[in-house]
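Asks: whatever this is, show me its structure:
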Amino acid sequence: MRPLRPLRPVRPPSTSPHPRLARGPRAALAFAATAALAALLALAAWPSAKAAPAPPQRPAAPRAASPGAPGVPASPASPETFAENIRVREIEVVVELPESLREGRRKALGPQDFQVTEDGRFRQVVKASPVMAGEAGPWQVVIYVDRVLAEPETVFVTANALAQRSAQLTALGTVALVVADPAPRILLAETREPKMLEQALTDIAAQAERQSGQGQRQGAAAGRSPGQAPGPASGSAKPQPGAAPRQEKPAAAALDPQVVRRQEDQLVALLAGRAGGGPRALVLVANGFDTSTSGDGADSAKAAVAEEPGRTLAAYGWITLAAPMRRQELGTPHREMTDLERIRQSNAGHDAPGSRVPPEILPQAAPRSRLQYDEVLSLFVEPTSATLIAMASATAGTVIGTPGQLTASLKGLAKRWHLFYLAPDPEDGKTRPVEVRLSPEGSALRTPVWRRSSTPDEVAAARLRQVLAGGPEHGTLPVTATAALVTAAPAHPGEQRRSLRVTVGAFSPANSMAAGPYRLSIAFAGAPGAAPTVEHRLLTGAGLTEKGWTETLPLDVPPGARKLGVAVEDLTHQLWGATAVDLGAPPATR
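Replies: Residues are numbered from 1 along each chain as shown. This next block holds a predicted model:
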């Protein structure tokens, strides 16, 4: 039997991509070195490949590797992201173009011809056109007659002048008539009927005339001549030789600052609550208030009375025509001197004959202006006009003392333009300064110089002062508050430390936007001779929603305070509510 031959060992198949590369010992060593180098390079490139972003269609699965394997870095954590919504609003401002602007230039004006800065930052103007470009007058006009701040003579003259111009007023747009005596009440809602407006104003004038006649009869019974203010009887005090004649102050100058503040708070709260946009004009029938104190500078309380209402009215776009009108007409205009008269005047005097200095010819006279009349100038320089001038300056309005001024001012409203610009709205309740210039001339245009974001702090303060004074308006937001005594020491001697607990009930906003931020306003009343000082705090937090919330805050009660006013407003939806808390008698008097 033939023996079997031993089987030859079978060589495993070559793993080389090319069979020729695996033949021979040197080729095998070279191939092994090349494969090792390729493996090292692949291992070194592994972290950067790991960090590369995956394609958006099919995210790549991570390679199999143990978390703690050496040389394999841990996957980086996903970056933290933040999101913030910034609302951008289209803001309307009404501007007064200069009278000297050529008609051709006026007709060619567009958004690119105006520069708007808000709080020092340029804003994009998107639209610009005349206010009266449409068929129907778009103005919203409010005639506000304050019988507390206006003398009967002022009401009589101004109401008559407005009644004679009822057609001119209603041609601008809708007109509402409000009388404050002392609380405001609407006598005539928005109307475009001139006859209805004329009749209502005539009735107000007739009532003021009867009141003025009663005052004159009472003055005659007291030994005063018509128009003379109450004071010492004539002859009771003779003026000293060389002394200036004694001048009686008008009745409005004797008003207490707190009375003026109360009336202004009512005006601001009423106008802030009026809905709708578009151009707005306020005709304020009231006498002014002297902010000086016996010749000294105005104190902070009186300065606030003069400045805050104007800033708030401007922020809401109310162009104010303050009208403390008199029976007098414009009077004699001031005549400007000619160049020849200027030369003669400069050559006059004891040193003129021997002088060889050529006369100086002054610039030409300014264009004709309504301010050249005696009655207009005398009104603007009166100390009692300080508050009215402050309102008119901030709102791009004017102070009207005669019927002639009234006609020109109403015509000026019909010539105004309105601009629309884009600006972020942080809804923080602050007012921001606004300036408008004509480009490329660079000349500043008259416009309300403040813009609001949500409800301004000044409006919240006016509402809260009304609540502390017993006013009926408490808003629609359900707010309750308590102020419990605590044992902690107050921040200042004489104060009383309490714990303020504020609760806002659930409410339903008019839209789907989230509620908040909230503004908390607090004020104290009861200290003799002291006006309530209002403080504001901004409340933010995830839990402060329209479903209701409660906040507890430390509260230091000043000495003498007997009542606490608390107001809360959702600044996004401009919903507010207020309440008053009785703090009881001060500890020293219990």
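Asks: my read: residue 147 touches residue 178, true?
Replies: No - counting by CB atoms under 8 Å, residue 147 does not reach residue 178; the two are 11.1 Å apart. Placement of C-beta: from N, CA and C, glycine included.
Asks: so which elements touch the helix or strand that contains residue 213?
Replies: In this structure, residue 213 sits in helix 194-221 according to DSSP states H and E. Here helix 194-221 touches helix 152-164, helix 166-172, strand 173-180, strand 184-191, going by 3 or more CB pairs under 8 Å, 6 or more residues apart in numbering; DSSP states H and E.
Asks: contacts for the last one, please.
Replies: By CB atoms under 8 Å, 6 or more residues apart in numbering, the list of residues contacting strand 184-191 from outside reads 140, 144, 170, 174-179, 196-197, 200, 204, 266-267, 270.
Asks: circling back to that earlier point, mind listing what's buried along the helix holding residue 213?
Replies: Across helix 194-221, burial judged by 16 or more other CB atoms under 10 Å covers 194, 197-198, 200-202, 204-205, 207-209, 212, 215-216, 219.
Asks: so which of the contacts of strand 184-191 wins on neighbours?
Replies: residue 175 (29 neighbours; other CB atoms under 10 Å).
Asks: now do the contacts for it.
Replies: 141-143, 166, 169, 188, 190-192, 197.
Asks: what about 6 Å?
Replies: Shown in contact with residue 175 (CB atoms under 6 Å, 6 or more residues apart in numbering): 141, 169, 191, 197.
Asks: nearest to residue 116, of the residues you listed?
Replies: Ranked by distance to residue 116 (CB to CB), the contacts of residue 175 are led by residue 141 at 25.1 Å.
Asks: just give me the neighbour total for the closest residue to residue 140 other than its chain neighbours.
Replies: Residue nearest to residue 140 in three dimensions, not counting chain neighbours: residue 280, with 4.8 Å by CB to CB, 6 or more residues apart in numbering. Neighbours of residue 280 under the rule other CB under 10 Å: 24.
Asks: ditto for residue 105
Replies: Residue 105 has 12 nearby residues by other CB under 10 Å.
Asks: so what pLDDT did it get?
Replies: Residue 105 carries a pLDDT value of 94.
Asks: so it lies in a helix, does it not?
Replies: Yes - assessed by DSSP: H, G, I helix; E, B strand; the rest coil, residue 105 belongs to a helix.
Asks: distance of it from residue 113?
Replies: 9 Å (CB to CB, to the nearest Å).
Asks: kindly report the same for residue 412.
Replies: 20 Å.
Asks: which regions of the stretch 251-400 of the chain lie under the pLDDT threshold?
Replies: For the stretch 251-400 of the chain, the stretches flagged by pLDDT under 70 are 251-254, 292-302, 328-375.
Asks: what ranges do the strands span in it?
Replies: For the stretch 251-400 of the chain, applying DSSP state E, counting those that start in this stretch gives strands covering 280-285, 318-322, 398-399.
Asks: right, and the helix or strand after the shortest one?
Replies: Toward the C-terminus, strand 398-399 is succeeded by helix 403-414 as the next helix or strand (DSSP H and E).
Asks: could you list the buried residues of that next one?
Replies: In helix 403-414, counting by 16+ other CB under 10 Å, buried: 403-406, 409-410, 412-413.
Asks: could you export the contacts of residue 175 as a markdown table, including distance to residue 304?
Replies: Output for the contacts of residue 175, formatted as a markdown table (distance: CB to CB, whole Å):
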| residue | distance to residue 304 |
| --- | --- |
| 141 | 28 |
| 169 | 32 |
| 191 | 35 |
| 197 | 34 |
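Asks: among these, which one sits closest to residue 573?
Replies: Distances from residue 573 to those, taken by CB to CB, are shortest for residue 141, at 27.8 Å.
Asks: burial of that closest one, as a residue count?
Replies: Neighbour tally, residue 141, other CB under 10 Å: 24.
Asks: what about it, which helix or strand?
Replies: Element membership for residue 141 (DSSP H and E) is strand 139-146.
Asks: helices or strands next to that strand in the packing?
Replies: strand 173-180, strand 280-285 (3 or more CB pairs under 6 Å, 6 or more residues apart in numbering; DSSP states H and E).
Asks: and the first one with helix 152-164, angle?
Replies: With axes from the mean of the first three to the mean of the last three CA atoms, to 10 degrees as the criterion, the two stretches strand 173-180 and helix 152-164 enclose an angle of 160 degrees.
Asks: can you give me the helices in the stretch 301-450 of the chain?
Replies: 339-347, 374-381, 386-395, 403-414 (DSSP state H, counting those that start in this stretch).
Asks: what residues does the longest one touch?
Replies: Just to be clear, that refers to helix 403-414. By CB under 6 Å, 6+ apart, the residues outside helix 403-414 that reach it are 132, 161, 168, 172, 281, 321, 330, 398, 400.
Asks: try it again at 7 Å.
Replies: The contact list for helix 403-414 (CB atoms under 7 Å, 6 or more residues apart in numbering) reads 96, 132, 139, 161, 165, 168-169, 172, 281, 321, 323, 325, 329-330, 370, 376, 398, 400.
Asks: nearest to residue 458, of the helices of the stretch 301-450 of the chain?
Replies: Among the helices of the stretch 301-450 of the chain, helix 386-395 sits nearest to residue 458 (CB to CB), with 11.9 Å.
Asks: which is the next helix or strand following the worst-scoring helix or strand of the chain on mean pLDDT?
Replies: Least confident helix or strand, the chain: helix 46-51 with a mean of 42, by mean pLDDT, DSSP states H and E. Per DSSP H and E, the first helix or strand lying C-terminal to helix 46-51 is strand 87-95.
Asks: which strand or helix spans the spatially closest residue to residue 111 that is not a sequence neighbour?
Replies: The spatial neighbour of residue 111 that comes closest, neighbours along the chain excluded (CB to CB, 6+ apart), is residue 125 at 4.3 Å. Secondary-structure assignment from DSSP H and E places residue 125 in strand 121-130.
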